[in-house]
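[1] Any chance you can model this:
(chains A and B)
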Amino acid sequence: MSLRVIKLLFLLMNLSILLFLIGILGFILNRKNIILMIIAIEIMLLAVTLLVLISSFGFDDTIGQTFSIYIISIAGAESVIGLSILVAFYRLRGNISIRS
Amino acid sequence: MYLSILIFPLLASFVSGFMGRKIGITGSHIITCTCLSISSLLATIAFYEVGICGSPVSVYLFNWVDSEFMNISWEFLFDQLTVSMFIPVLYISTLIHIYTTSYLAGDPHNQRFFSYLSLFTFFMLLLVSGANYFVMFIGWEGIGVVSYLLINYYFTRIQANKAAILALTMNRVGDMGLSIGFFAIFALFGSVDYSTIFSLAPFMNETAITIISLLLLMGAMAKSAQIPLHSWLPGSMEAPTPVSALLHAATLVTAGLYLLIRSSAILEFSPTALLIITLIGASTAFFAATCGLVQNDLKRIIAFSTISQLGYMVMAVGLSQYNVALMHVVNHAFFKALLFLGAGAVIHSFADEQDIRKMGGLIKFLPFTYTTMLVGSLSLLATPWLTGFYSKDLIIELAYGQYSFSGIYAYILGSLTAGLTAFYSFRLISLVFLTVPNGIKNVYLNSHESNFAVVIPLFILALFSILFGFVFSDLFVGVGSDFFANSIFINPNNISIIEAEFSLPLIIKLLPTLLSILGATSAIFLYHVYPDFIINLTDYALGKKIYTFLNGKYFFDVIYNYYIISAGLITGNTISKVLDRGVIELVGPYGLASVLENTANNIAKLDTGVITTYSLYITIGILSLVFLVFAPLLFDTSIISEFRLIVIYISALFFSLLPNLSNKH
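    Numbering: from 1, shown residues only, chains lettered A, B, ... in the order given. The predicted model follows:
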């Protein structure tokens, strides 16, 4: 593996940690909007997935890449469930504010 | 058998006190008198076994405080000293129980009274038979409490309440000293057992022994009414007369003497303490005798006489003649109980009048009571060959026989006191029995001799007042008598009985007796034959001043009331406000509770119910954990500093959660 590729991988790792940080901060600092929270959770999940993907690529490990595909599909399912809960909740209560 | 002596009065007290409604007045009379009689019979046997046959008994029951550091057991010691104290306590208690059945016949609270009397007897027996200072202290406190109850027997009378509280508080002063004394004993000897302490006493630091002795003396001063702490005794004459006879003449007040005599092995190693004891005793004897000269209450005269005689006993202890002191305790118990019971009979038959100025001429109406009172008085003023003579006269002689400053001081004051004693005793006799009648005619018409329950105790006590000294003096105080064996220790340097018996000039030996006779005759002359002199005495300014001074009891009460009690109350108030309800409460219960409560509130505030806050906590937690784990990589720290980091973390957490005092709600 050439040096350029390794540097690129580190860059991507930094990107994924940055994404994770953005997700966390978005989750913590957000006070009202529950959809934003779900998005923040998704960002965190995808950041972690990216990290998994990059490290497995770095280690030349196909299992990690396979798992990242699983994670992405499960994340899609999870966000679908979350959003459908939100929709049901909105029908029931009339709003989706966190502050009850 | 030895424990039965103690148990019988306790059982009598329980039965009479708790089941008084069931057994009735007569039942309580019968039960208490029977129990006390059996107890005195057993005490007589114990006196024969232990005292005369010389075989002390020690009864161990069980451990009380059982730690490695401190071992106290319920143990009883029946040695010569104990059984010698049993005799007056139980005999007089029994006689007074019998006397009271008639004396309080019209009272609605007979059962209560008898319960108290029996309980008092039990505690007194406990006091004299304990084998360590703590068991003794239980008896000591017990008689204090029962004394309070008995003085306050007529609890609806404000004077009785006041006298009872005075007696209790004044005794607390002494008890405080005594308690500190016990602490000091434990600190020095590591034990409160008599046997341990007395065998170690010779090897201890003299200053420490002196301090302990003075603290013990403080307890004895309060109980035995010595000079700074005496004023409760005249006040406690508010109690019914049998109580005065039992507690405040014969037994309770001798508890202090018992303490001093029992502690002889400690006192003997402290000449300073002995000197102070002598001075206090002699001063008290003289002080009380002079006060007794001008009292007008029949019982108060005898009360001051008691204080005076107690002064003699303490003086004898100070001269380290413990056996003589004990002899005087026993003798005094008999004749003073006789005097009090006689006085009670007079008061009872004279329409409850106590003022001797309103009596007179009772010899025609109460010949038997007069006889017993005369016997008691003669015994009290040490008429040769009566009971009092063998101890009181000997104490004065022994004082001179010491050939020391304190001895001479004691001798002079003792001799003067002997004269004064004779004077006030015969003043009482002449004012009550001899002079022209000064009372109301109806009262005289109704006055009569008491019935058998009163006469028999008086008769027996009169016999004891005449014969006891003659029979037992050689046993107790004879030259070279080894009756007390190991129960009393007299330092060989301090033995002065030989000098007192064989080397004193005749005039020194006869002086107290001569002064007594002089006092007695002058009292009869001044009050009976030529009363104008006394009456005119208060016309002069000096005479008036002296009278006021003596009648005011040297103004001890005034000084206490104006200076000590108010200062004490102010101090108590300050301490209560600043310390008890102030600092201690702020730091202790209140402060701790509020700190915990505020911290809990602050922690509870973290629980906002908002989900993002929890995520923040989780993030901070993970970050700090990560930091903790990787700190060694970053800072190059050792394990110890890692531990330090944890401590810093936790303490930072704690301080951040601590209540912010400024914005407390």
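
[2] For the chain, which segments count as strands?
    With no chain named, the answer covers chain A. Ranges of strands in chain A, per DSSP state E: none exist.

[3] I was thinking of chain B, sorry if that wasn't clear
    In chain B, the segments counted as strands under DSSP E are B:57-66, B:71-78.

[4] winner for burial among those strands?
    Of all the strands of chain B, strand B:71-78 has the most neighbours on average by mean count of other Cβ atoms under 10 Å in any protein chain shown, namely a mean of 20. (C-beta placed from N, C-alpha, C; glycine too.)

[5] ok and that one relative to strand B:57-66, angle-wise?
    Orientation check (axes from the mean of the first three to the mean of the last three Cα atoms, to 10 degrees): strand B:71-78 against strand B:57-66 gives 160 degrees.

[6] Tabulate the strands of chain B (CSV), appending distance to chain A and mean pLDDT.
    Output for the strands of chain B, formatted as CSV (distance: least, Cβ to the nearest Cβ, whole Å; pLDDT from 0 to 100):
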stretch, distance to chain A, mean pLDDT
strand B:57-66, 63, 91
strand B:71-78, 66, 92
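
[7] Between these, which one is closest to B:K605.
    Ranking those by proximity to B:K605 (Cβ to Cβ) places strand B:57-66 first, at 49.2 Å.

[8] Please name the residues that touch residue 44.
    Chain wasn't specified; assuming chain A. When contacts are counted by Cβ atoms under 8 Å, 6 or more residues apart in numbering or on different chains, A:M44 touches A:L19, A:F20, A:G23, A:I24, A:F27.

[9] switch to chain B, that's the one I care about
    B:I87.

[10] follow-up on the earlier one: check the contacts of A:M44 one by one and keep those near chain B.
    Filtering these for neighbours of chain B using Cβ under 8 Å from any Cβ of the partner chain leaves A:I24, A:F27.

[11] which regions of chain A lie under the pLDDT threshold?
    Applying pLDDT under 70 to chain A picks out residues A:98-100.

[12] Just the buried ones from the contacts of A:M44, in ChimeraX syntax?
    To isolate the buried members of the contacts of A:M44 in ChimeraX, using 16 or more other Cβ atoms under 10 Å in any protein chain shown:
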select /A:19,20,23,24,27
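
[13] Let me know how buried the closest residue to B:M373 other than its chain neighbours is, in neighbour terms.
    Excluding the flanking residues, the one nearest B:M373 by Cβ to Cβ, 6 or more residues apart in numbering or on different chains is B:G342, at 4.1 Å. By the criterion of other Cβ atoms under 10 Å in any protein chain shown, B:G342 has 30 neighbours.

[14] same thing with the one 3 residues further on?
    Counted with other Cβ under 10 Å, the neighbours of B:A345 add up to 25.

[15] and the gap between it and chain A?
    Distance of B:A345 to chain A, given as Cβ to the nearest Cβ, to the nearest Å: 93 Å.

[16] What residue in the stretch 51-200 of chain B comes nearest to chain A?
    Using Cβ to the nearest Cβ, the single residue of the stretch 51-200 of chain B nearest to chain A is B:S67, 58.9 Å away.

[17] gap between that residue and B:I138?
    19 Å (Cβ to Cβ, to the nearest Å).

[18] go on, A:F20?
    Taking Cβ to Cβ, one finds A:F20 at 77 Å from B:I138.

[19] what's the answer for B:F484, then?
    Counting by Cβ to Cβ, the gap from B:F484 to B:I138 is 25 Å.

[20] Could you find the closest non-adjacent residue to B:G311?
    In this structure, B:G311 finds its nearest non-sequential neighbour in B:A285, 3.0 Å apart by Cβ to Cβ, 6+ apart.

[21] Give me the neighbour count for the one you found.
    For B:A285, using other Cβ under 10 Å, the count is 31.

[22] Might you calculate how far stretch B:138-149 sits from the centre of the chain?
    9 Å (Cα atoms, centre = their mean, to the nearest Å).

[23] Enumerate the positions of it that are buried.
    Neighbour counts over stretch B:138-149 (16+ other Cβ under 10 Å) mark B:G139, B:W140, B:E141, B:G142, B:I143, B:G144, B:V146, B:S147, B:Y148, B:L149 as buried.

[24] Contact partners for B:L117?
    B:L117 makes contact with B:T32, B:S93, B:I96, B:H97, B:T100, B:L150, B:P242, B:V243, B:L246, according to Cβ under 8 Å, 6+ apart.

[25] Out of the residues you listed, who's the most crowded?
    B:T32 (32 neighbours).

[26] didn't it look like it was pressed against B:F114?
    Yes: at 4.5 Å, B:T32 counts as touching B:F114 under the criterion of Cβ atoms under 8 Å.

[27] In contact with residue 89, which residues are there?
    Defaulting to chain A. Contacts of A:F89 (Cβ under 8 Å, 6+ apart): A:I96.

[28] hmm, I had chain B in mind actually
    B:T121, B:M124, B:L125, B:V128, B:A250, B:T251, B:A333.

[29] How about B:L413?
    Each residue near B:L413 by Cβ under 8 Å, 6+ apart is listed here: B:A282, B:S283, B:A285, B:F286.

[30] In terms of pLDDT, where does it sit?
    At B:L413, the predicted lDDT confidence score is 93.

[31] do the same with B:P659
    61.

[32] and what of B:S377?
    We have a pLDDT of 93 for B:S377.

[33] so how many other residues sit close to it?
    B:S377, neighbours per other Cβ under 10 Å, totals 27.

[34] just to revisit the earlier point, the residue nearest to B:M373 contacts B:T369, correct?
    Yes: taking contacts as Cβ under 8 Å, B:G342 lies within contact range of B:T369: 5.4 Å.

[35] B:T306 contacts B:T251, correct?
    No: counting by Cβ under 8 Å, B:T306 stays clear of B:T251, with 11.5 Å between them.

[36] Please enumerate the shared neighbours of B:G342 and B:T369.
    Joint contacts of B:G342 and B:T369 (Cβ under 8 Å, 6+ apart) are B:L458.

[37] so what's B:P512 up against?
    Each residue near B:P512 by Cβ under 8 Å, 6+ apart is listed here: B:A382, B:K392, B:D393, B:I396, B:G414, B:S415, B:A418, B:G419.

[38] how close does it get to B:A249?
    Separation of B:P512 from B:A249 (Cβ to Cβ) stands at 22 Å.

[39] With B:A523 instead?
    For B:A523, the distance to B:A249 - Cβ to Cβ - is 21 Å.

[40] Compare those two and say which is more crowded by neighbours.
    Neighbour totals were compared for B:A523 and B:A249, and B:A249 leads with 29 against 23 (other Cβ under 10 Å).

[41] The nearest residue to B:F86 once chain neighbours are set aside - how many residues pack around it?
    Nearest non-adjacent residue to B:F86, counting by Cβ to Cβ, 6+ apart: B:A43, 4.1 Å away. B:A43 is flanked by 26 other residues according to other Cβ under 10 Å.

[42] my read: B:A43 touches B:L90, true?
    Yes: between B:A43 and B:L90 there is a contact under Cβ under 8 Å: 4.6 Å.

[43] Mutual contacts of the two, please.
    Taking Cβ under 8 Å, 6+ apart as the contact rule, B:A43 and B:L90 both touch B:I5.

[44] can you tell me which residues contact the residue in chain A positioned nearest to chain B?
    Chain A approaches chain B most closely through A:I28 (4.7 Å), counting by Cβ to the nearest Cβ. Contacts for A:I28 (Cβ under 8 Å, 6+ apart) come out as B:T612, B:S615, B:L616, B:T619.
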